[in-house]
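> Give the three-dimensional model of this entry:
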Amino acid sequence: MKNIIFNRPVISILFVYIFVLVFLNYLGIFLPQRNSFLINNTDKYTTELTGKVITEPIQKGEKQQFILEVFDTDGQKIKKEKTLVYASSAYNIEYGDIIFVSGKLNIPEKPVFPYIFNYNLYLQRENIYTIFYQQNFEFIEKQPNKIKQLSFKVRNNIETKIDNFFNEPVSSVLKSMVTGNKALLDKDIKEDFVNTGLIHILVISGLHIGFCAAIFMFCFRLFGLKLNYVYLLTIPTLFFYVLLTGANPPAIRAAIMFSCLLVTLMLNREPLIYNALALSALIILIFNPQSLFTASFQLSFLATLGILYLYPKFSKCFGIIKNKYINFVWDIVCVTLSAQIALIPLLVFYFGKISVISFVLNLIIVPIIPIIIGLFFVFYVSTFLSYHISLSVSLLLSYILKFILYVINYSATLDYSVVFFAVPGIVMILFYYFSVYIMFEIKNKKVLGLLFVIICFMLLNPFEQRTFAKTFEGKKNITTHIKEKGNKNIIIFKELQKDKYYFNNLEQYLLAQGIKEIDVMYTDYDKKYVDDNLKKIKAVNVLKNTLETHS
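Numbers count the residues shown, from 1 in each chain. Alright, predicted model coming up:
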């Protein structure tokens with residue numbers, strides 16, 4: 001590993017570039033105030049924008065959502081900047097439209113509690129700093145990118161045919177797996193996939209791109225093309241598929257990495273997988289430096305790196321396995337285990353929980369994914385040729401997807417299928433990866449045992465033990481959390497407006513600190529209401545009171 005890092009210029013450059021980005025982020029270079037012109041208009045009641053629609057509008061009830069690339073604000077030309085627009089569904093807005101809109105610019109709300117998904121920060125990392133609520137609309141002209149427009153038309157055609165042959169919830173799950181469209185996916189189903197550690201199946205990422213690359217190469221080989229031509233044709237086909245799925249960052253990263261590998265194969269050079277991974281990361285970070293700080297980027301690259309580093313070590317544990325079926329199963333076990341070991345600390349850091357059954361479910365479900373993708377290609381092609389063939393394939397696909405949904409739904413309801421942990425600090429995470437590296441590089445069993453004990457202690461140790469009093473004030477509520485000696489936790493809650501998400505957010509905040517019991521909670525609600533809304537946290541004493549009494 002040491003030789004790989006220091007003897008590869010691309011990897012060395014990537015490390016230096018990452019260090020620079022972290023330093024710049026520390027200095028506040030990526031803050032909205034430094035990068036957004038539109039954020040200065042959020043105090044205005046009405047703002048007029050002219051720009052280009054750069055995404056396909058997503059319908060959400062009576063509203064539609066899309067990203068507008070603004071180049072004119074209140075008649076003033078500005079440097080192009082993206083904003084997330086919510087407009088009335090009554091307007092016929094399409095990708096590539098140049099439009100004029102007037103309405104209110106807002107800054108996305110930040111969560112009241114720490115450790116809660118921060119939508120504001122998520123948009124910032126995508127270089128979107130404002131949300132625009134449209135009041136008036138005027139169409140100017142169309143200026144679409146022809147290739148991107150074609151990909152959206154193909155995607156719409158695919159989704160229409162899925163709707164024609166599949167019923168819910170199978171149709172929405174299939175759309176998510178094939179085109180990356182999760183807009184209509186049921187919230188409970190999505191939560192089941194998260195809690196079972198299988199959400200990556202619903203995201204167009206390296207898993208899907210790898211299977212698609214294999215299918216494309218197989219199809220091109222059927223025409224009798226030489227391997228170099230197969231590799232050459234597969235690269236643009238992969239990127240067209242990425243466009244078709246909405247060009248989400250994980251798909252782009254995977255396509256770049258596979259393209260780097262295919263280029264090295266075309267040049268008859270040894271496909272240096274670490275170089276290809278570093279090069280794909282470098283390209284992504286050059287075009288969007290803030291990707292480095294997103295969970296998606298970190299998880300996808302760490303999973304890939306974990307597989308590259310750990311898979312060869314696990315696969316050799318039992319020597320050469322001659323039985324091809326046992327070898328196939330063992331390969332899946334090794335790949336899954338390698339990815340899981342690499343992702344554990346980041347999963348705890350971002351989500352505060354780990355799915356205990358995800359390892360087993362990945363062994364069952366992941367091998368079925370290439371079958372689903374292959375059958376879907378057969379289904380889509382057959383819709384142009386024969387209704388009966390496409391109907392037969394769709395029925396087979398439905399049964400497979402219903403089986404997957406049943407297994408996932410059942411697994412998510414099992415007691416202790418998800419284990420919650422206190423959120424670890426950066427030092428803990430770095431120490432974990434250093435320890436994993438040491439464990440595989442040294443042979444001293446005593447040192448290995450000591451490292452294992454330290455890692456377990458660090459993961460189970462609560463995030464913050466000291467006595468403190470913190471107040472979290474939002475538009476809808478004010479909450480004070482007091483931690484006294486002896487790890488006694490007191491919550492004082494004052495509701496200003498009805499907030500149906502409050503208890504869920506409070507629960508996530510407490511679990512992230514390793515707290516599973518509130519000793520005293522002062523609130524206007526009775527104990528039964530609190531117990532009904534706190535699913536994973538026990539409130540020992542719930543007392544009627546207000547914030548003013550304890551301020």
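> shaky segments in the protein?
Scanning the chain for pLDDT under 70 picks out the ranges 1-8, 204-207, 246-250, 268-272, 318-325, 443-466, 486, 545-551.
> Spell out for me which residue occupies the centre of it.
The chain has S296 as the residue nearest its centroid, 4.5 Å off, counting by C-alpha atoms, centre = their mean.
> Tell me the buried residues in the strand or helix carrying that residue?
If you go by DSSP states H and E, S296 is part of helix 295-315. Of all the residues in helix 295-315, those buried under the rule 16 or more other C-beta atoms under 10 Å are 296-311, 314-315. Bear in mind the C-beta positions are built from the backbone N, C-alpha and C, glycine included.
> and F117, that one's in a strand?
No - with DSSP: H, G, I helix; E, B strand; the rest coil as the criterion, F117 is coil rather than part of a strand.
> In contact with it, which residues?
The contact partners of F117, by C-beta atoms under 8 Å, 6 or more residues apart in numbering, come to P111.
> ditto for I404
Under the criterion of C-beta under 8 Å, 6+ apart, the neighbours of I404 are V173, I365, I368.
> now the strands for this protein?
In the chain, the strands defined using DSSP state E lie at 47-53, 58-60, 63-73, 76-88, 97-106, 128-142, 353-355, 418-420, 468-473, 477-484, 488-495, 517-523, 538-544.
> May I see the buried residues of the second one?
Translated: strand 58-60. Result for strand 58-60 [16+ other C-beta under 10 Å]: no buried residues.
> and the longest helix for the chain?
helix 324-351 (DSSP state H).
> quick one: buried residues of it?
The neighbour-count check on helix 324-351 (16+ other C-beta under 10 Å) flags 330, 334-351 as buried.
> Same question for stretch 122-134.
Neighbour-count burial for stretch 122-134 [16+ other C-beta under 10 Å]: L123, Q124, R125, N127, I128, Y129, T130, I131, F132, Q134.
> residues touching the residue nearest to the first one when sequence neighbours are not counted, list them.
Right, the one you point to is L123. Take L123 and drop its neighbours on the chain: the residue closest to it by C-beta to C-beta, 6 or more residues apart in numbering is P108, 5.6 Å away. Counting by C-beta under 8 Å, 6+ apart, P108 makes contact with L84, Y119, N120, L123, T130, I131.
> Could you rerun that using 10 Å?
Taking C-beta atoms under 10 Å, 6 or more residues apart in numbering, we find P108 in contact with 32, 84, 118-124, 128-131.
> Next, give phi and psi for it.
phi -60, psi 140 (degrees, to the nearest 10).
> ok, now D526?
D526 adopts backbone torsions of phi -90, psi 170, taken as degrees, to the nearest 10.
> What of G61?
Dihedral angles (degrees, to the nearest 10) for G61: phi 70, psi -120.
> Any figure for the gap between it and A183?
Note on G61: its distance to A183, by C-beta to C-beta, to the nearest Å, is 11 Å.
> Any idea how many residues pack against the closest residue in space to I54 that isn't next to it in sequence?
Using C-beta to C-beta, 6+ apart and skipping the chain neighbours, the partner closest in space to I54 is E69 (4.9 Å). By the criterion of other C-beta atoms under 10 Å, E69 has 14 neighbours.
> Same question for L227.
Look at L227: counted by other C-beta under 10 Å, it has 12 neighbours.
> can you tell me which residues contact the nearest residue to it once chain neighbours are set aside?
Spatial nearest neighbour of L227, chain neighbours left out: L265 (7.6 Å); criterion: C-beta to C-beta, 6+ apart. By C-beta under 10 Å, 6+ apart, the residues touching L265 are L227, N228, V230, Y231, P271.
> Pull out the buried members of those residues.
Buried among those (16+ other C-beta under 10 Å): V230, Y231.
> and of the contacts of L265, the nearest to Y410?
Ranked by distance to Y410 (C-beta to C-beta), the contacts of L265 are led by P271 at 40.7 Å.
> Report the separation between the closest residue to E473 other than its chain neighbours and F351.
In space, and not counting its chain neighbours, E473 is closest to V112: 7.3 Å by C-beta to C-beta, 6+ apart. Separation of V112 from F351 (C-beta to C-beta): 19 Å.
> sorry, back to before: dump the helix holding S296 to PDB, keeping only the CA atoms.
Provided in PDB are the C-alpha atoms of helix 295-315 (Å, rounded to 0.1, in the frame of the first residue of the first chain):
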ATOM      1  CA  ALA A 295     -21.500  11.700   2.300                       C
ATOM      2  CA  SER A 296     -22.200  10.300  -1.100                       C
ATOM      3  CA  PHE A 297     -18.700  11.000  -2.400                       C
ATOM      4  CA  GLN A 298     -17.000   9.700   0.800                       C
ATOM      5  CA  LEU A 299     -19.100   6.600   1.100                       C
ATOM      6  CA  SER A 300     -18.800   5.500  -2.600                       C
ATOM      7  CA  PHE A 301     -15.000   6.000  -2.700                       C
ATOM      8  CA  LEU A 302     -14.300   4.400   0.600                       C
ATOM      9  CA  ALA A 303     -16.500   1.400  -0.300                       C
ATOM     10  CA  THR A 304     -14.500   1.000  -3.600                       C
ATOM     11  CA  LEU A 305     -11.200   1.500  -1.800                       C
ATOM     12  CA  GLY A 306     -12.200  -1.000   0.900                       C
ATOM     13  CA  ILE A 307     -13.000  -3.600  -1.800                       C
ATOM     14  CA  LEU A 308      -9.700  -3.000  -3.600                       C
ATOM     15  CA  TYR A 309      -7.600  -3.300  -0.500                       C
ATOM     16  CA  LEU A 310      -9.400  -5.900   1.600                       C
ATOM     17  CA  TYR A 311     -11.000  -8.200  -1.000                       C
ATOM     18  CA  PRO A 312      -7.600  -9.800  -2.100                       C
ATOM     19  CA  LYS A 313      -6.800 -10.400   1.500                       C
ATOM     20  CA  PHE A 314     -10.100 -12.100   2.300                       C
ATOM     21  CA  SER A 315     -10.300 -14.100  -0.900                       C
END
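> ok, now which ones touch N35?
Contacts for N35 were tallied using C-beta under 10 Å, 6+ apart; they are I29, K79, E81, Q124, N127, Y129, Q290.
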